[in-house]
Structures are given as C-alpha cells and as structure tokens.
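K.L.:
Need the 3D shape of this:
(one chain, ligands or ions: 1)
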Amino acid sequence: MDILVVDDAPDTRLIIKSVLKKLGHNVTTAEDGEEAWKLLCSNDEFQIVISDWVMPNLDGLGLCQRIRNEPFSKYTYIILLTGMSGKTNLISGIAAGADDFATKPINSEELEVRLRSAKRILDLEKTLAFQNEELERANKKLVTYATTDGLTGLYNRRAFQEHLEETLLFSRRANETLSLLILDVDYFKAYNDTFGHVEGDTALKIVASILKENSRKNDFVARFGGEEFTVILPNTNYNGATLCAEVLRNAIEKYPWLERKVTISVGVTTVEHKRDRDENVTEMYTRILSEADQALYRSKSTGRNKVTHFKPQA
Ligand SMILES: Nc1nc2c(ncn2[C@@H]2O[C@H](COP(=O)(O)OP(=O)(O)OP(=O)(O)O)[C@@H](O)[C@H]2O)c(=O)[nH]1
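P.N.:
Got it, this is the predicted structure:
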C-alpha cells in the first residue's frame with residue numbers, strides 16, 4: 001500500500017519507514033502536518049496516513065480534520081500515533097476523523113496487525129465506491145430509458161408532459177409568455193402503405209433530427225406518439241412561435257427526401273397567463289394541448305403542410 005508517515009522526529013520517521021518497507025509498503029515521509037497536507041493534495045495515491053499527534057505547524061488532529069473536510073476521491077485511512085493516554089485524547093482523535101491509534105514507541109507486530117485491519121476497511125470502501133458508481137450508472141440509464149423515445153432519441157410523451165407542466169408553472173410565476181407547437185406528418189399512413197414500415201420509421205427519424213437541428217437549445221422537442229411531435233418554446237410570443245413553426249415546416253418540406261416528399265402540419269398556441277389564473281397545472285396542460293390540437297386540426301383540414309395559430313372563440 002502507499003503510506004504517508006508524518007512525524008517531526010527524524011528517528012521515529014526512520015524506524016516506521018523501515019518497518020513498513022519490510023512489510024512491503026511504499027513509504028513517503030513528511031516532517032509535519034503542513035508538509036503532509038501538501039503531499040496529499042498533490043498525490044491522491046496515499047491510502048494510509050500514519051501521523052504523529054503533537055507536531056509543530058499543523059498537528060495530527062488538525063491534519064485529520066483537513067483530510068476529512070476535503071472530498072478526496074478515495075478514502076484515506078488515518079492512524080494517529082500517540083504517546084498520550086486517556087480517553088479524552090482518544091475521543092478528540094476519533095472526532096477529528098482518525099480511524100485507529102498506535103502508541104509510541106512503535107511495535108512492528110502491532111503496526112502490522114493495524115495495517116491488516118486498515119486494508120480490510122479500505123477494500124470494503126473500494127467495493128462500496130464501485131457499487132455506488134454502478135448504481136449511479138444504472139440510475140442514469142433508467143432515467144434515460146424512461147424519458148427517451150426509442151425510435152427517434154427525442155424526449156418521449158412522459159418527459160414532454162413533465163417538462164410542459166414545469167415550464168407552465170415557471171412561466172406563470174415569472175409572468176412570461178410560452179408557446180407550444182404540435183406537428184403531425186401529413187398522409188403518413190399512405191407513406192407507410194407505399195414504402196413499408198421500415199422506410200416509415202426512417203422518415204420519422206429524419207423528421208425528428210430536422211426538428212432538433214432547427215430548434216433553439218432551450219426549446220424542448222419531443223415525440224408525442226406515432227407521427228406526432230411537440231415543441232415547447234419557452235419565453236416565446238405569438239409572432240416568435242409562428243416564425244419557429246414556419247422554420248420547422250419549411251425545413252421538412254425542403255429536405256431532399258428520397259422516396260417521396262414529406263410534409264408536416266403544425267398547430268400553435270401561445271400562453272399569455274391571463275385567462276388561466278385559477279387553473280391548476282393539469283388543467284393548464286390539458287387546455288393548451290387542446291388549443292394546439294385544434295389549431296393542428298385547422299392546418300390539416302385546410303390543406304396540410306401549413307401552420308395555424310390557435311384563435312380563442314370571441
Ligand atoms: N413507420 C411507422 N409508422 C407509424 C409509427 N407510429 C405511427 N405510425 C403510422 O402513422 C400513420 C398515421 O396515420 P393517420 O393517423 O391516419 O394520419 P395520416 O395518414 O398521417 O393522415 P393525416 O395526419 O390526416 O395527414 C398510421 O398508419 C400509423 O401506423 C411508427 O413508429 N413507425
């Protein structure tokens with residue numbers, strides 16, 4: 001193991017170093033807590049620190065506290081050396097973060113036994129750290145699976161609803177305008193029927209990447225389901241939303257489609273947070289989705305490949 005020995009007495013440093021070397025460890029020495037601290041900060045390989053208690057500059061207790069307050073990537077096992085006796089010292093040593101104690105003068109057998117128990121603890125720490133990392137990785141994967149659409153890689157409907165509800169609440173609090181687009185591929189049943197489902201899937205993937213590429217970083221692009229997509233436009237007013245929708249519609253129309261030109265119809269709604277003061281978030285969500293949907297229906301029924309903004313009934 002890599003061990004840092006800290007003691008202001010040169011004799012003690014030498015004795016401990018030679019005992020540890022005989023036991024097969026790599027040893028570095030420091031004259032006091034400050035020197036030890038510098039070494040620890042520049043080298044994260046030290047697994048164990050064996051430190052004297054009373055030293056000039058920074059003593060053993062102070063060194064312990066610094067190590068415990070610093071989020072080193074790996075656990076450092078600390079053995080405090082002491083000529084002192086009595087419970088009070090032991091308690092303050094443990095409170096400062098020491099793992100074990102050894103009394104001076106050093107006895108090589110005692111040190112060997114204490115290092116064996118240190119190794120057990122360090123191995124356990126390593127296993128725990130590994131398991132934690134694995135858990136974190138698995139959690140991240142789960143979150144990604146739960147919020148991502150498998151075919152297009154866009155956010156899925158669940159993530160969309162969650163994000164829209166959050167954005168609605170935020171925009172209402174901040175009194176900001178927000179817009180929502182619903183985009184639906186035109187005559188997609190015919191596309192599938194003519195070219196098959198695999199080609200249909202490819203077309204949906206292309207549509208998804210065009211939407212993503214032509215949206216701003218803050219816009220939230222999702223696959224709502226089937227051949228239907230949604231884009232949340234935070235802090236965007238009526239004119240801005242119409243412009244964004246036109247950009248997306250146009251980008252899809254202009255794409256050099258191989259099989260057959262694909263177009264989309266778009267429904268747009270803009271939330272000003274005037275009519276909805278008393279609504280809860282689910283009511284707001286349902287209302288604005290329905291508004292965008294009504295606008296989409298108008299785009300479909302008046303020719304497709306067009307953008308329609310929702311107009312509230314007078
Ligand atoms: N290839 C493929 N097709 C899908 C997927 N999800 C939905 N579809 C198809 O999309 C088609 C949607 O058809 P409709 O709802 O009738 O709408 P449309 O033919 O696009 O007509 P309009 O929307 O009125 O222009 C259906 O044939 C679905 O099977 C998918 O993941 N992959």
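
K.L.:
hey, where'd the strands end up in the stretch 1-150 of the chain?
P.N.:
2-6, 26-30, 48-52, 77-82, 100-103 (DSSP state E, counting those that start in this stretch).

K.L.:
which bits of the stretch 51-200 of the chain sit near the ligand?
P.N.:
Counting by C-beta under 6 Å from any ligand atom, the stretch 51-200 of the chain comes close to the ligand at Leu151, Asp184, Val185, Asp186, Tyr187, Phe188, Lys189, Ala190, Asn192, His197, Gly200. Any C-beta I mention is one placed from the backbone N, CA and C, and that applies to glycine too.

K.L.:
Now which of those residues would you call buried?
P.N.:
Buried residues within those, counting neighbours by 16 or more other C-beta atoms under 10 Å: Asp184, Val185, Asp186, Phe188, Asn192, Gly200.

K.L.:
Next step: the residues you listed restricted to strands.
P.N.:
Taking DSSP state E as the definition of strands, those contribute Asp184, Val185.

K.L.:
Quick one: the buried ones among the residues of the stretch 51-200 of the chain next to the ligand as CSV, columns for pLDDT too.
P.N.:
Shown next, in CSV, are those (pLDDT from 0 to 100):
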residue, pLDDT
Asp184, 98
Val185, 98
Asp186, 97
Phe188, 96
Asn192, 94
Gly200, 95
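
K.L.:
Return the member of the buried ones among the residues of the stretch 51-200 of the chain next to the ligand nearest to Leu122.
P.N.:
Within these, proximity to Leu122 (C-beta to C-beta) peaks at Gly200, which comes in at 56.3 Å.

K.L.:
Dihedrals phi and psi, Ala9?
P.N.:
phi -90, psi 120 (degrees, to the nearest 10).

K.L.:
what's the neighbour count on it?
P.N.:
12 (other C-beta atoms under 10 Å).

K.L.:
Same check on Glu112?
P.N.:
Burial of Glu112, expressed as a neighbour count using other C-beta under 10 Å, amounts to 13.
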